[in-house]
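Chemist: one predicted model, sequence on top.
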Amino acid sequence: MNGSTVNLAADYPLLQVFWTTMWFFLWILWFMLLFRVIGDIFRDDDLNGWGKAGWCVFVVILPFLGIFVYLIARGRSMGEREMRRMQKSQEDMNAYIRETAGTSSTGKADELAKLADLKTHGHITAEEFERAKAKVLAA
């Protein structure tokens, strides 16, 4: 081989593989944290435009220091904002399900109660009540 050396996997000690793997995953973890913080900056409704711009510049220009300072200064509220966002999303989904499901058994019960109230007050006759009740139950 012309006097050149060939690096084989056997020449790479196991501890070196461990350190390389650890640094690689720490690098990925760092980027995940960076994107999480930048996402939180943009989703925060309490920050005005200048505040968001300032935090973004701080996080981009001095990434390690910026991320650590952001987590120290706003880490607790970061979790609270995420929790509020998840609760809002859950409420929206529940409202959509209720709206999409349409008339449920409680809706029929409400309609029957209104019909009974109309009959009790004399606004409709017993015949009209029975016909309306049959319509409600048939639906």
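Modeler: That came in fine, so what should we check first?
Chemist: work out for me the element the residue most central in space within the chain sits within.
Modeler: Centroid-nearest residue in the chain, with C-alpha atoms, centre = their mean: residue 86, separated by 4.3 Å. Element membership for residue 86, per DSSP states H and E: helix 63-101.
Chemist: show me what that helix is packed up against.
Modeler: On a contact count with 3 or more C-beta pairs under 8 Å, 6 or more residues apart in numbering; DSSP states H and E, helix 63-101 meets helix 14-43, helix 49-61. For every residue, glycine as well, the C-beta is placed using N, CA and C.
Chemist: nearest to residue 99, of those?
Modeler: Closest of those to residue 99 is helix 14-43, at 25.8 Å (criterion: C-beta to C-beta).
Chemist: now do the worst-scoring helix or strand of the chain on mean pLDDT: distance to the chain's middle.
Modeler: Every helix and strand in the chain was compared by mean pLDDT, DSSP states H and E; the lowest is helix 105-120, with a mean of 80. Computed by C-alpha atoms, centre = their mean, to the nearest Å, the chain-centroid distance of helix 105-120 equals 39 Å.
Chemist: go on, stretch 122-132?
Modeler: Distance, centroid of stretch 122-132 to centroid of chain: 49 Å (C-alpha atoms, centre = their mean).
Chemist: ok, stretch 79-88 next?
Modeler: Relative to the centre of its chain, stretch 79-88 is centred 7 Å away, using C-alpha atoms, centre = their mean.
Chemist: buried residues in that stretch?
Modeler: Within stretch 79-88, the residues that qualify as buried are residue 81, counting by 16 or more other C-beta atoms under 10 Å.
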